[in-house]
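**Q** For reference, the sequence and a predicted model appear below.
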Amino acid sequence: MMLETQNLQKTYQLGEATVTALAGVNIAIDEGEMVAITGPSGSGKSTLMHILGCLDTPDGGKYILAGEDISSLSKDRLATIRNRKIGFVFQFFNLLPRISAIENVELPLLYAGKKETRSMAIQALETVGLKDRMTHEPNQLSGGQRQRVAVARAIVTNPAIILADEPTGNLDSKTGDEILSLFQRLNEEGRTIIVVTHDDYVSRHCGRQIRFRDGKVEEGY
Amino acid sequence: MLFWTIIKVSFKSLQANKLRTFLAMLGIIIGVGAVISMLALGAGAKNQVMERITAMGTNLLVVSPGGDRRGGVRAGSRESLTIKDAQEIRDTIDGIAAISPLVRGREQVTYFNENVNTTITGTASTYLEIRNFEMEKGRGFTVMEEDHTSRVAILGANTAELLFKNQNPLGERIRIKNINFKVIGVLKEKGDQGWFNPDEIVVVPYPVAMKQLFGQPHLDEIDIKANTDADLTQVEEDVTALLRKRHRIMEDAENDFHVRNQAEIIDMASTFTRTFTILLGGIAGISLVVGGIGIMNIMLVTVTERTREIGVRKAIGAKDRDILRQFLLEAILISAIGGILGIVFGFTVAYAIKQFTEYQTVIETFSIMLALTVSASVGIFFGFYPAFRAAKLDPIAALRYE
């Protein structure tokens, strides 16, 4: 088991009203799976993604990632987990401007205090097929290329899971397909990938779908 | 994260907004420049004052008639000092290198149709040594000439210039109060001392001045030069004790004379120049603080602008302290570079003041250290709050920030 949640709970205070984002979520994802987490907006899938990504902590329940219970860790510890065990890919790429592709890819390694950052970054860029663009800055790259750099940044630390939030949401269908097949290839190489999306086309390309509704996993999935 | 990487990242983000970075630095540049140049001006003024005091003579005690100043008025007689007093000081007190009785008065001095109204100083032959005068040409007078009431005169540099223009004054006869004096020497220029210009005098032996020029039996001053290894305060006490005894002053009565110690004058002058320096430095320091506030302002803007970047950094594993360090370092870089440019600016201003005004400037290592320390502290102090805000940003909110 790569990750597992037990009765995950999360509520928000919106003014007077209390919003239940997660009402007891139980999911389990095996190593090497490629899973889509889908559902309409407000279903709690973003909240789940934040907790799975260690950007947020649950109010109740347990979250076990790669054998470690991380439901109640300190902020610094969570930062380390994000750095070592999770690779993020965002809808809007979120590359840092004014530094080159390779420097963007190196960034997680620098926070990890690694020494051989350059060679590892080159390898990651090679994996996503962008070795020849590594000195370009993000604004010199196309959308698809930027997302590839983001994927390279996500895999460079060799994390337990790759967490992609609407990775094709900001791309045209052709480049979207390219990114999807990149994810599939990485999955075939044995990486565990979780894609959060509301796009059925994307979720159909994943091995399994977990559909959310009203803060719970919908029956039948 | 590795230190050099943070530096590189900071440099890049500073470079990306060159104008903004420069404007943020400008406050520090001006602040540091002002501190350096103002302290240089203060130190220059101090040097100038000390130079003038030294020019008056070192290890100097000056005894004048009349008591200590009381509300601007001197108590006691103005005619209390005599030649006998001077002689007895010379003969009985230890640690005295030279002593000279002195009388002075303003008189008209003429040479053919040139004339000048100036201070005639009647002194002993030792006077030139006591007051650190040097000869431009000719010689001082001798003890023999003193004793024989010889009518010889030494001219100050300005007096010689006024009376003789380019002509050689040596051996010429000038007239003071219709008495002929032979010019035997001209003094080297010393420079105006503010309250008294030593270049505008005429020096004659005191016996001839007392008897023939002013007709006065008492002295206006006794100048004493102590030995270099003598305790000036001790000599001052001895002189005071001796004169009180000679003048038969009762135990609890006031002195009818006044002894000025060179050390007191130096003390007074240093106090004054220190106040002057603190005042200038303080005003300049305020501009440094204002510069710091400018940095804080820019850093707050930068943090807001780069909220998303902070979110990304946190998502990929930056800890709060990594973010804090990065933004703090950026602020410190701004102020440190500003500080270095400010030193250059301060040097330029100090040099310009020296070149184009009559003021002296002296840049002390201390003021450079001070400026650098203060500007780095300003960076840390005013950079901390923006950096702290950046570090505490919630990564989810930061990633969503548009």
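**A** Perfect, I can see it now.
**Q** ok, the closest residue in space to residue B:93 that isn't next to it in sequence - how many residues close by?
**A** Excluding its sequence neighbours, the residue lying closest to residue B:93 (C-beta to C-beta, 6 or more residues apart in numbering or on different chains) is residue B:238, at 4.7 Å. Where you see a C-beta, it was placed from the backbone N, CA and C, and this is true even at glycine. Neighbour count of residue B:238, defined by other C-beta atoms under 10 Å in any protein chain shown: 17.
**Q** May I have whichever helix or strand residue B:238 is part of exported as CSV, CA atoms only?
**A** According to DSSP states H and E, residue B:238 maps onto helix B:232-246. The C-alpha trace of helix B:232-246 is given here as CSV (Å, rounded to 0.1, in the frame of the first residue of the first chain):
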residue,chain,number,x,y,z
LEU,B,232,51.3,70.6,33.6
THR,B,233,48.7,70.5,36.4
GLN,B,234,51.4,70.3,39.0
VAL,B,235,53.2,73.3,37.5
GLU,B,236,49.9,75.2,37.4
GLU,B,237,49.4,74.5,41.1
ASP,B,238,52.9,75.6,42.0
VAL,B,239,52.6,78.8,40.0
THR,B,240,49.2,79.5,41.6
ALA,B,241,50.6,78.9,45.1
LEU,B,242,53.6,81.0,44.5
LEU,B,243,51.7,83.9,43.1
ARG,B,244,49.1,83.8,46.0
LYS,B,245,52.0,83.9,48.4
ARG,B,246,53.7,86.8,46.6
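**Q** Would you mind pulling the contact partners of it?
**A** Contact with helix B:232-246 is made by B:59, B:61, B:63, B:84-85, B:88-89, B:92-96, B:224, B:226, B:255, B:257, B:259, B:261-263, as judged by C-beta atoms under 8 Å, 6 or more residues apart in numbering or on different chains.
**Q** quick one: average pLDDT of that helix?
**A** Here helix B:232-246 scores 89 as its mean pLDDT.
**Q** And the helix or strand that that helix is followed by, what's buried?
**A** From helix B:232-246 onward toward the C-terminus, using DSSP H and E, the following helix or strand is strand B:257-261. By neighbour count on 16 or more other C-beta atoms under 10 Å in any protein chain shown, the buried set for strand B:257-261 is B:257, B:258, B:259, B:261.
**Q** Excluding chain neighbours, what is closest to the last one?
**A** Ranked by C-beta to C-beta, 6+ apart and with sequence neighbours excluded, the top spatial neighbour of residue B:261 is residue B:236, at 5.4 Å.
**Q** so how many other residues sit close to the one you found?
**A** 19.
**Q** Distance of it relative to residue B:228?
**A** In this view, residue B:236 and residue B:228 are 16 Å apart by C-beta to C-beta, to the nearest Å.
**Q** swap in residue A:48?
**A** Residue A:48 sits 90 Å away from residue B:228, going by C-beta to C-beta.
**Q** ok, those two, which is more surrounded?
**A** The neighbour comparison of residue A:48 against residue B:228 (other C-beta under 10 Å) goes to residue A:48, with 28 against 9.
**Q** Whichever strand or helix holds that one near chain B at all?
**A** According to DSSP H and E, residue A:48 maps onto helix A:45-52. Yes: using C-beta under 8 Å from any C-beta of the partner chain, helix A:45-52 reaches chain B at residue A:50.
**Q** Name the residues of stretch A:80-95 that are buried.
**A** Within stretch A:80-95, the residues scored as buried using 16+ other C-beta under 10 Å are A:80-95.
**Q** right, and out of the residues you listed, which lies closest to chain B?
**A** residue A:83 (2.4 Å; C-beta to the nearest C-beta).
**Q** Surely the closest one touches residue A:113?
**A** No: using C-beta atoms under 8 Å, residue A:83 makes no contact with residue A:113, being 9.5 Å away.
**Q** Run through the helices of the chain in chain order.
**A** Here I'm looking at chain A. Using DSSP state H, the helices assigned to chain A run over residues A:45-52, A:75-85, A:101-112, A:117-127, A:143-155, A:173-188, A:200-204.
**Q** that's the wrong chain, I wanted chain B
**A** Going by DSSP H, chain B shows helices at B:3-16, B:18-55, B:83-92, B:127-130, B:143-147, B:157-164, B:206-208, B:232-246, B:262-305, B:307-315, B:320-356, B:365-391, B:395-400.
**Q** residue contacts, the residue positioned nearest the centre of chain A?
**A** Central residue of chain A (C-alpha atoms, centre = their mean): residue A:163, 1.4 Å from the mean position. Residue A:163 makes contacts with A:49, A:52, A:53, A:86, A:87, A:88, A:89, A:154, A:194, A:196, as judged by C-beta under 8 Å, 6+ apart.
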